[in-house]
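Student: take a look and give me a structure for this.
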Amino acid sequence: MLRSEIASHLLIAFIYFLVVSLWRWELNFNLFWLWTGGFLGTFLLDLDHLLYWFFSHPEKQDSQYAKVLLKTRNYRGMYALLQRTHQAHTRLTFHTALFQLVLLALAFYVLTSGGSLFGSALVMAMNLHLLKDEWFDYLSGKRETLADWLFWQIKGVAVEKYLRLYLAGVSAVFLLLSLILV
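Tutor: Take a look at the predicted model:
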């Protein structure tokens, strides 16, 4: 399951950065920084699972097992454990609506401040990662699950009815930011 998720993230990032590269219509060394930032940003949010294991939920059984695997430097075992348990990891800090709004603001700042192409690609790839996960869950009918992991920090509001509006809004902002990147 996780392998197909990694492959889908890579495929979407590849297509996105290919379009950006072609649209920029310049063949120089800057493309290296664009692609490097895009690749790293695609997987940076997955550090959330390590934070889940070692800091926010160290009492969980899979967290205890991950600590043992880390002590023995069994990284393949950690990857296999993540394959089995990543769907159960809810309440991830980097996978929330509040974090996404901060990330979009950060992307706007990085893109408009004349920062590096590496940093611009990094924050855009992180946003793309979140959008891919959100739209995948929304379109596959997992709306209640999506609302739970996206809005778990917001209490007392029936967020399911605003989910479509939220996704349309953050997607529109992402597209506008993509135009700035180009």
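Student: can you give me the helices in the protein?
Tutor: Applying DSSP state H to the chain gives helices spanning 2-24, 30-44, 47-51, 61-71, 75-85, 97-112, 117-139, 143-151, 163-181.
Student: ok, which of the ones you listed comes nearest Arg91?
Tutor: helix 143-151 (7.1 Å; CB to CB). No exception for glycine: its C-beta is placed from N, CA and C like everyone else's.
Student: other SSEs contacting that closest one?
Tutor: helix 97-112, helix 117-139, helix 163-181 (3 or more CB pairs under 8 Å, 6 or more residues apart in numbering; DSSP states H and E).
Student: just the helices of the chain: most buried one?
Tutor: helix 117-139 (a mean of 21; mean count of other CB atoms under 10 Å).
Student: output it as PDB, restricted to C-alpha atoms.
Tutor: Below are the C-alpha coordinates for helix 117-139, written out as PDB (Å, rounded to 0.1, in the frame of the first residue of the first chain):
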ATOM      1  CA  LEU A 117      14.400  28.000  -6.700                       C
ATOM      2  CA  PHE A 118      15.300  25.100  -4.400                       C
ATOM      3  CA  GLY A 119      13.200  26.600  -1.500                       C
ATOM      4  CA  SER A 120      10.400  27.500  -3.800                       C
ATOM      5  CA  ALA A 121      10.200  24.000  -5.200                       C
ATOM      6  CA  LEU A 122      10.500  22.500  -1.700                       C
ATOM      7  CA  VAL A 123       7.400  24.400  -0.300                       C
ATOM      8  CA  MET A 124       5.400  23.800  -3.500                       C
ATOM      9  CA  ALA A 125       6.100  20.100  -3.400                       C
ATOM     10  CA  MET A 126       5.000  20.000   0.200                       C
ATOM     11  CA  ASN A 127       1.800  21.700  -0.700                       C
ATOM     12  CA  LEU A 128       1.400  19.300  -3.700                       C
ATOM     13  CA  HIS A 129       1.900  16.300  -1.300                       C
ATOM     14  CA  LEU A 130      -1.000  17.500   1.000                       C
ATOM     15  CA  LEU A 131      -3.300  18.300  -2.000                       C
ATOM     16  CA  LYS A 132      -2.700  14.800  -3.500                       C
ATOM     17  CA  ASP A 133      -3.600  13.100  -0.200                       C
ATOM     18  CA  GLU A 134      -6.600  15.300   0.400                       C
ATOM     19  CA  TRP A 135      -8.100  14.900  -3.100                       C
ATOM     20  CA  PHE A 136      -7.400  11.200  -3.100                       C
ATOM     21  CA  ASP A 137      -9.300  10.700   0.100                       C
ATOM     22  CA  TYR A 138     -12.100  13.100  -0.900                       C
ATOM     23  CA  LEU A 139     -12.600  11.500  -4.300                       C
END
